[in-house]
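> Next comes the sequence, and after it the predicted model I'd like to discuss.
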Amino acid sequence: MHSTNPLTPTAAQHTGLDSEAAFREAVRTFCLHELPQGLKDKVHGNLFLNKQDNLEFLHALHRRGWAAGHWPRQYGGCDWTPLERFIFEEESTLNGAPWLIPFGVNYVGPVIYTFGSPAQKERFLPPILASTEWWAQGYSEPGAGSDLASLKTRAVRQGHVYRVTGQKIWTSYVQWADWMFCLVRTSDEGRPQQGISFLLIDMRTPGITIRPIRTMDGCHHVNEVFLDEVEVPVENLVGEEGCGWHYAKFLLGNERVLAAETGRSMRQLRHLQRLVRERAGGDGVNLPEFERRLHGLQLQLHVLRAFCLETARNMSAQESAGVQASIMKIRGSELQQAISEATMDWLGTSATVYDPALVHGQQVASQLGPPETAGAVREYLHGRASTIYGGSNEIQRNIISKAELGL
Ligand SMILES: Cc1cc2nc3c(=O)[nH]c(=O)nc-3n(C[C@H](O)[C@H](O)[C@H](O)COP(=O)(O)OP(=O)(O)OC[C@H]3O[C@@H](n4cnc5c(N)ncnc54)[C@H](O)[C@@H]3O)c2cc1C
């Protein structure tokens, strides 16, 4: 795939396309000169990235003034349009940048500058921009994932504090976090959505226990978080008590804008194309048939990119992508999985041997096949989750059928 625009431009679009191309070039230059080579090598090798790796990327963005490109200028952003945001995500991922872990800059930051108090904006936004504080998202609970409104973690107000008790689950990278934004139940009155509030919890507060969950790639991405009478100052309530569902939906709207992850799919597909070109792997594979399969994947990616670009061009910064975001999430995650499945088929038996030590940068004698095999297996195993997190694909289909078919 080339990173040129797949849409045929009309004459009126030419100026816009020139500035799009210039912006792409600026992102490529940033990746070439300002991202550490060691980090890019890890990303291209699909190795596990630790907190320090992620911070190297975030600090490079901060130095370039792009820590929060899509935020309004008044809060330290660049007022990027949805299209610029899409191009940044695609082009940077393609050129060796890691997935931007979204909890601070993409999720809680916009909630705070939209609904937070002046004191909260002053306290929390600068460390998000500078990546000096790490955030985690405490939404899901056992029994409250897709049906988030049934969450049970309770916050009881006593004077100047809330006392929070309950359990969160699947909390990504909370083991690195200084803060967690959390949905809690403050009332049982009315519809379940009405009794939910949005709290900012300092992870150093007594009463918090984190228990790791090791996923099938052998890595530590997610956790359980137990909260036992955790005291949270009332000034850490965002907006109004009982309105947390509204802020949570606003946040999820932002969450799905970039859901297609076309840059990641382009990178993985190029990687597979290179393995095929170099005949690295492929034992027993029918080559013409496999190449037809690759062309099919390339075509799907081309169509998805065209759809994303069209959607992003037609969106204003204030809009959420609505049903289009659900389509991007479904198609993007399915394509990622299809590419990684094809990679496993190409690598064949060598992909059946996997030692997670390899994706943590340790030398192990056991790996078969080309050197990239362990990373490719990790990508395949972890990629199983992409149709679940951020709202499962079944839930996205429900959203589409409700909006388009009124079901
Ligand atoms: C790797 C990973 C990272 C995550 N990170 C975080 C995080 O940082 N913070 C956080 O809060 N959460 C996180 N999550 C949780 C994620 O948001 C939930 O897993 C997701 O919302 C699904 O909820 P569930 O796991 O409870 O499954 P359930 O809701 O129990 O769903 C089980 C199955 O039933 C289907 N289903 C459920 N309801 C319906 C319906 N109405 N119609 C059709 N099908 C339905 C689902 O699609 C799914 O296939 C993460 C999850 C994963 C896998």
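All right, it came through fine. Numbers count the residues shown, from 1 in each chain.
> How about the protein: which residue is closest to the ligand?
Gly145 (1.9 Å; CB to the nearest ligand atom). For every residue, glycine as well, the C-beta is placed using N, CA and C.
> tell me the contacts of that residue?
Gly145 is in contact with Trp170, Ser392, counting by CB atoms under 8 Å, 6 or more residues apart in numbering.
> Over to it: give its phi and psi.
Recorded main-chain torsions at Gly145 are phi -110, psi -90, according to degrees, to the nearest 10.
> Would you mind confirming that Ser265 makes contact with Ala338?
No - the pair Ser265 / Ala338 is not scored as a contact, 9.0 Å apart, by CB atoms under 8 Å.
> out of these two, which sits in the more crowded spot?
Comparing Ser265 with Ala338 by neighbour count (other CB atoms under 10 Å), the higher total belongs to Ser265, at 28 against 18.
> In a strand, the more buried one, correct?
No - with DSSP: H, G, I helix; E, B strand; the rest coil as the criterion, Ser265 is located in helix rather than a strand.
> could you measure it against Pro356, distance?
For Ser265, the distance to Pro356 equals 24 Å [CB to CB, to the nearest Å].
> now swap in Ala374 and tell me
In terms of CB to CB, Ala374 sits 8 Å off from Pro356.
> who's more crowded, the two?
The neighbour count for Ala374 versus Pro356, taken as other CB under 10 Å, is higher for Ala374 (28 against 19).
> What about the closest residue to that one other than its chain neighbours, how many residues nearby?
In space, and not counting its chain neighbours, Ala374 is closest to Leu358: 3.7 Å by CB to CB, 6 or more residues apart in numbering. Using other CB under 10 Å, Leu358 has 23 other residues around it.
> and what of Leu381?
By other CB under 10 Å, the residues close to Leu381 number 19.
> State whether it and Met216 are indeed in contact, as I suppose.
Yes - when contacts are counted by CB under 8 Å, Leu381 is listed as touching Met216 (5.0 Å).
> host element of the closest residue to Ala351 other than its chain neighbours?
Sequence neighbours aside, Met344 is the residue nearest to Ala351 in space, at 4.9 Å (criterion: CB to CB, 6+ apart). Using DSSP states H and E, Met344 sits within helix 322-347.
> after that helix, next one along is what?
Next along the chain after helix 322-347, taking DSSP H and E as the criterion, comes helix 356-359.
> Can I get that following helix in PDB? Just the C-alpha atoms.
Taking C-alpha atoms only, helix 356-359 is exported to PDB below (Å, rounded to 0.1, in the frame of the first residue of the first chain):
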ATOM      1  CA  PRO A 356       6.700 -14.400  25.800                       C
ATOM      2  CA  ALA A 357      10.300 -13.800  27.000                       C
ATOM      3  CA  LEU A 358      11.100 -13.000  23.300                       C
ATOM      4  CA  VAL A 359       8.600 -10.200  23.100                       C
END
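> Mean confidence (pLDDT) on it, please.
With pLDDT averaged residue by residue, helix 356-359 scores 90.
> Quick one: residues in contact with the longest strand seen in the chain.
Taking DSSP state E as the criterion, the chain has its longest strand at strand 222-233. The contact list for strand 222-233 (CB under 8 Å, 6+ apart) reads 138, 153, 155, 160-172, 174-175, 180, 199-202, 205-213, 215.
> So which of those residues sit within strands?
138, 155, 161-169, 180, 199-202, 208-213.
> just so I have it, where are all the helices in the chain?
Secondary structure of the chain (DSSP state H): helices at 14-34, 37-44, 51-64, 82-94, 109-115, 118-130, 244-255, 262-277, 287-314, 322-347, 356-359, 373-383, 393-405.
> Now tabulate the ones you listed in CSV and tack on distance to the ligand.
CSV is the format used below for the helices of the chain (distance: least, CB to the nearest ligand atom, whole Å):
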stretch, distance to the ligand
helix 14-34, 26
helix 37-44, 18
helix 51-64, 14
helix 82-94, 18
helix 109-115, 14
helix 118-130, 16
helix 244-255, 10
helix 262-277, 15
helix 287-314, 21
helix 322-347, 11
helix 356-359, 16
helix 373-383, 7
helix 393-405, 3
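> Flag whichever of the ones you listed has the least confidence on average.
helix 244-255 - the lowest mean pLDDT of those, at a mean of 85.
> what's the angle from that one to helix 322-347?
Angle of helix 244-255 versus helix 322-347, following axes from the mean of the first three to the mean of the last three CA atoms, to 10 degrees, is 50 degrees.
> Give me the helices and strands touching helix 244-255, please.
With contacts taken as 3 or more CB pairs under 8 Å, 6 or more residues apart in numbering; DSSP states H and E, helix 244-255 sits against helix 109-115, strand 179-185, strand 196-202.
> Point out the most buried one among those.
Stretch with highest mean neighbour count among the helices and strands packed on helix 244-255: strand 179-185 (a mean of 25; mean count of other CB atoms under 10 Å).
> Briefly note if that one comes near the ligand.
No - shown here: strand 179-185 not in contact with the ligand (CB under 6 Å from any ligand atom), separated by at least 8.2 Å.
> ok, back up a step: relative to Leu297, which of the helices and strands packed on helix 244-255 is closest?
Closest to Leu297 of those is helix 109-115 (CB to CB; 33.5 Å).
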